[in-house]
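[1] Compute the structure for the input listed below.
(one chain, ligands or ions: 1)
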Amino acid sequence: MATKQKPHNKKVIGHDSQLVLASASPRRRELLAQIGLSPAIMVADIDETPHKREKPQPYAVRMAAEKALKARNQNAETADKFILAGDTVVACGQRILPKTEDPVTARTCLSLLSGRRHRVYGGIALISPDGHLRTRLVTSMVRFRTLGPDDIDNYIATNEWQGKAGGYAIQGMAAIFIQQISGSYSNIVGFSLFDIAAMLGGQGFDVMQIPDMT
Ligand SMILES: Cc1cn([C@H]2C[C@H](O)[C@@H](COP(=O)(O)OP(=O)(O)OP(=O)(O)O)O2)c(=O)[nH]c1=O
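    Sure, this is the predicted structure:
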């Protein structure tokens, strides 16, 4: 069995089997796999309706925290584990765009995003084995080029907008519409790997020192 080189001066207090991802999102699973993490998956269904006049930034953080807390409260076996959850919110100004489930809503979102900049807010929540909840908000900016009717028709035909915040996925065909981003790319896809590694690292869970089981 191959193991990654471990510097002797570092104490590892966390490893992969101690990590739970409270998410049904294949994107979040794939993002964690990119940095060598394969957590247990526990889906936490929560009510994702924004509160009246709730701003996108606190909404993203609240959603992530509720997912993590629900996973912990529903599964006794998570008690001594790190629980990670994320939430992606696409906002045009202070307006929260929906996760699009039908083509009409997806068209409305794409028309709104066409030719302008918007923000993607990523809420991240981490519950440590001692039960402490920590959260972060990560912001990325995305600029779409102007979309013509054919662009929107063709994109709708891909079905890639289904279940995506704001009606698009940067990791698919929508990449051809995106002129510029600033901030974290992984934050737009699902959650910021930089911030996750930093949050885990702050709790003694060093992502670079997880045994490689392959
Ligand atoms: C903007 C954007 C969003 N998305 C996706 C990421 C999220 O899966 C989804 C936003 O919905 P979320 O509620 O953040 O996540 P989810 O419902 O898919 O999964 P879970 O709550 O169980 O963790 O939009 C992309 O895949 N690419 C993008 O470019």
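[2] Does residue 152 touch residue 110 like I think?
    Yes. Using C-beta atoms under 8 Å, residue 152 makes contact with residue 110 at a distance of 5.1 Å. Quick note: C-beta positions are derived from backbone N, CA and C, even for glycine.
[3] For these two, work out which one has more neighbours and name it.
    More crowded of residue 152 and residue 110, by other C-beta atoms under 10 Å: residue 110, with 22 against 19.
[4] Spell out the secondary structure type for that one.
    Counting by DSSP: H, G, I helix; E, B strand; the rest coil, the backbone at residue 110 sits in helix.
[5] which residues touch it?
    147, 151-152, 155-156, 161, 167-168 (C-beta atoms under 8 Å, 6 or more residues apart in numbering).
[6] now it: how far from the ligand?
    12 Å (C-beta to the nearest ligand atom, to the nearest Å).
[7] Where does pLDDT dip in the chain?
    1-16, 210-214 (pLDDT under 70).
[8] One more pass at 50, please.
    Across the chain, residues meeting the criterion (pLDDT under 50) sit at 1-14.
[9] which parts of this structure sit against the ligand?
    Taking C-beta under 6 Å from any ligand atom as the measure of proximity, the chain contacts the ligand at 23-25, 27-28, 67, 87-88, 90, 99, 120, 163-166, 168-171, 188-190.
[10] please redo it, this time with the cut-off set to 8 Å
    22-28, 43-44, 46, 48, 63, 67, 85-90, 99, 120, 142, 163-166, 168-172, 174, 188-190 (C-beta under 8 Å from any ligand atom).
[11] hmm, back to that, out of the contacts of residue 110, who has the most neighbours?
    Counting by other C-beta under 10 Å, top hit in these: residue 167 with 29 neighbours.
[12] Output the contacting helices and strands for the top helix by length along the chain.
    Of all the segments of type helix in the chain, defined by DSSP state H, the longest one is helix 56-74. Judged by 3 or more C-beta pairs under 8 Å, 6 or more residues apart in numbering; DSSP states H and E, the packing partners of helix 56-74 are strand 82-92, strand 95-96, strand 117-127, strand 133-144.
[13] among those strands, which is the most enclosed?
    strand 82-92 (a mean of 25; mean count of other C-beta atoms under 10 Å).
[14] Can I get the longest helix of the chain in CSV? Just the C-alpha atoms.
    Presented in CSV, the C-alpha positions along helix 56-74 are these (Å, rounded to 0.1, in the frame of the first residue of the first chain):
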residue,chain,number,x,y,z
PRO,A,56,-27.7,36.4,-0.4
GLN,A,57,-24.5,36.4,1.7
PRO,A,58,-26.1,35.4,5.1
TYR,A,59,-28.5,33.1,3.2
ALA,A,60,-25.5,31.1,1.7
VAL,A,61,-23.9,30.8,5.2
ARG,A,62,-27.2,29.8,6.9
MET,A,63,-27.9,27.1,4.3
ALA,A,64,-24.4,25.6,4.7
ALA,A,65,-24.7,25.7,8.5
GLU,A,66,-28.2,24.1,8.5
LYS,A,67,-27.0,21.3,6.2
ALA,A,68,-24.0,20.5,8.5
LEU,A,69,-26.2,20.7,11.7
LYS,A,70,-28.9,18.5,10.2
ALA,A,71,-26.4,15.8,9.2
ARG,A,72,-24.9,15.8,12.7
ASN,A,73,-28.2,15.7,14.5
GLN,A,74,-29.6,13.0,12.3
